[in-house]
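Participant: I need the structure of the sequence given here:
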Amino acid sequence: MAGEKIVGVAVDFSSCSRKALKWATDNIIRDGDHLVLITVQPEGYYEDGEMQLWEATGSPMIPLAEFSDPVIMKKYKMKPDPETLDLLNTVARQKEIVVVLKIYWGDAREKICEAIDKIPLSCLVIGNRGLGKIKRAIMGSVSTFVVNNGSCPVTVVKQSDHEP
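Facilitator: Predicted coordinates for the structure are as follows:
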């Protein structure tokens, strides 16, 4: 495991997180690395079922084969998009990497920083929706918070102006 990295990518299965994932697989991920997808659901999504067990620590690591299964992901009230799953399956096969998903519940800024320390990640890639200055001031930017508070190198992949 000497040369293997644990690379995190924050995903919400939107186009900007998919772009960050693509960037990470093209530029950072190497053969034998581990790719940890981190997603954060709003509080309240864990109220029923076994998710109450993972409120504080997040879900167990979910292997790619399992989070590709819609029946399993229904338990977590999540539906990964087919384009992202296709990209992950292709990269996992070509680069022989381990891909897992970790789900947290709560504030995305805090939980992503928590994941950096607890997993622990070698680096993190996160997308940026390109909020304007006013929206960013009111809502706060997850990527800015993680860059300023994360304990590992963080790369922000920006959504360009002409993309949806």
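Participant: Report how many residues lie close to V11.
Facilitator: Per other CB atoms under 10 Å, the neighbour tally for V11 reads 23. In short, each C-beta sits where N, CA and C put it, glycine included.
Participant: Secondary structure element holding the nearest residue to it once chain neighbours are set aside?
Facilitator: Spatially, and ignoring its direct neighbours in sequence, V11 is nearest to S17 (4.3 Å; CB to CB, 6 or more residues apart in numbering). Element membership of S17, judged by DSSP states H and E, is helix 15-27.
Participant: gap between that helix and the chain center?
Facilitator: 10 Å (CA atoms, centre = their mean, to the nearest Å).
Participant: repeat for stretch 28-35
Facilitator: Distance, centroid of stretch 28-35 to centroid of chain: 15 Å (CA atoms, centre = their mean).
Participant: picking up where we left off before, the residue nearest to V11: how many residues sit nearby?
Facilitator: Residues lying near S17 (other CB under 10 Å) number 24.
Participant: Could you pull up the residues touching it?
Facilitator: Applying CB atoms under 8 Å, 6 or more residues apart in numbering, one finds that S17 lies in contact with V9, A10, V11, I126, G127.
Participant: so D117 sits in a strand?
Facilitator: No: D117 is assigned helix when assessed by DSSP: H, G, I helix; E, B strand; the rest coil, not a strand.
Participant: Name the nearest residue to it, ignoring sequence neighbours.
Facilitator: S151 (5.7 Å).
Participant: Would you double-check that the one you found falls in a strand?
Facilitator: No: using three-state DSSP, the secondary structure at S151 is coil, not a strand.
Participant: Brilliant, that's me finished.
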